[in-house]
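Asker: Got a predicted model here, sequence first, then my questions.
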Amino acid sequence: MYRYGILGGSYNPPHIGHSILAENVREQLSLDKVIFIPSGRHPLKDENEIISAEHRLNMSKIAFGKESHFEVLDHEIEKAKTGAVNYTVDTLMELYEVYKNDFVKMYLIIGIDNLIDFPKWKNPDKLFALSEVVVMNRPGYLVQDVDVEYSRKARYLSVPMLEISSTNIRDRVKSGKSIKYLVDEGVEKYIKENGLYK
């Protein structure tokens with residue numbers, strides 16, 4: 001049986017923290033690969049803060065495309081072109097159909113902040129039926145803040161507590177500060193060439 005990690009996000013922009021955490025989880029769970037899925041239209045985020053899906057997809061391919069155990073899917077971005085809002089449960093159901101004959105077990109990788117927000121998600125219970133929900137610790141969030149029902153069903157992994165965020169990187173670009181070593185060199189070049197986050 002193949003073991004695939006599913007790691008969705010806005011990747012606005014993708015940074016080295018994403019790669020470090022994905023590799024850490026991949027190693028701990030002996031995953032065959034981690035699939036990064038940049039979001040199209042996000043139901044819980046302010047769209048004014050998110051740059052175009054095309055730029056985020058291009059940067060994700062630059063950031064994660066070189067690693068043989070990583071894959072980037074444009075699934076949600078293509079779906080968003082139809083005007084549809086992306087829900088994780090719908091994406092997992094569609095991937096389940098794609099992989100069901102290939103003996104694939106899916107692991108949905110999320111941060112504990114996402115698990116706290118699970119009551120706001122569409123059909124959160126179904127996520128546990130379609131995949132093993134793997135939760136990474138995040139600075140400033142506690143297991144006690146999670147709904148008891150979801151807390152019992154999830155699997156917790158301890159990963160490095162990295163103080164790197166896309167928000168901070170966007171702020172640094174806006175104020176003319178260096179983002180060297182925070183993002184892949186190719187991503188840094190792409191941001192400069194396309195005048196992003198100014």
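Answerer: In hand now; what should we look at? Numbering: from 1, shown residues only.
Asker: Apart from its chain neighbours, what residue comes closest to residue 142?
Answerer: Using CB to CB, 6 or more residues apart in numbering and skipping residues adjacent in sequence, the residue nearest residue 142 is residue 112, 7.8 Å away. Every residue, glycine included, has its C-beta placed from N, CA and C.
Asker: Please enumerate the helices of the chain.
Answerer: With DSSP state H, the ranges of helices along the chain come out as 16-29, 53-64, 75-80, 88-99, 112-116, 124-130, 148-153, 166-174, 185-193.
Asker: Contacts for the first one next, please.
Answerer: Residues lying outside helix 16-29 but in contact with it, judged by CB atoms under 8 Å, 6 or more residues apart in numbering, are 3, 5, 7, 9, 11, 31, 33-34, 36, 63-64, 67, 69-70, 107, 109, 134, 136, 157, 159-160, 162, 164-165, 181-184.
Asker: Show me where the chain dips below the pLDDT cut-off.
Answerer: Within the chain, the stretches with pLDDT under 70 are 42-49.
Asker: what do you get if the cut-off is 90, keeping everything else the same?
Answerer: Low-confidence segments of the chain, defined by pLDDT under 90, are located at 40-51, 79-86, 100-102, 138-143, 149, 161-163.
Asker: still on that earlier bit, what subset of the contacts of helix 16-29 is buried?
Answerer: The neighbour-count test (16 or more other CB atoms under 10 Å) applied to these identifies 5, 7, 9, 11, 31, 33-34, 36, 63-64, 70, 107, 109, 134, 136, 159, 182-184 as buried.
Asker: on that earlier part again, export the helices of the chain as TSV, with columns for distance to residue 142.
Answerer: Formatted as TSV, the helices of the chain follow (distance: least, CB to CB, whole Å):
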stretch	distance to residue 142
helix 16-29	19
helix 53-64	30
helix 75-80	29
helix 88-99	23
helix 112-116	8
helix 124-130	19
helix 148-153	11
helix 166-174	21
helix 185-193	32
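Asker: so which of these comes closest to residue 140?
Answerer: helix 112-116 (8.4 Å; CB to CB).
Asker: helices or strands next to the closest one in the packing?
Answerer: Where contact means 3 or more CB pairs under 8 Å, 6 or more residues apart in numbering; DSSP states H and E, helix 112-116 is packed against strand 132-136.
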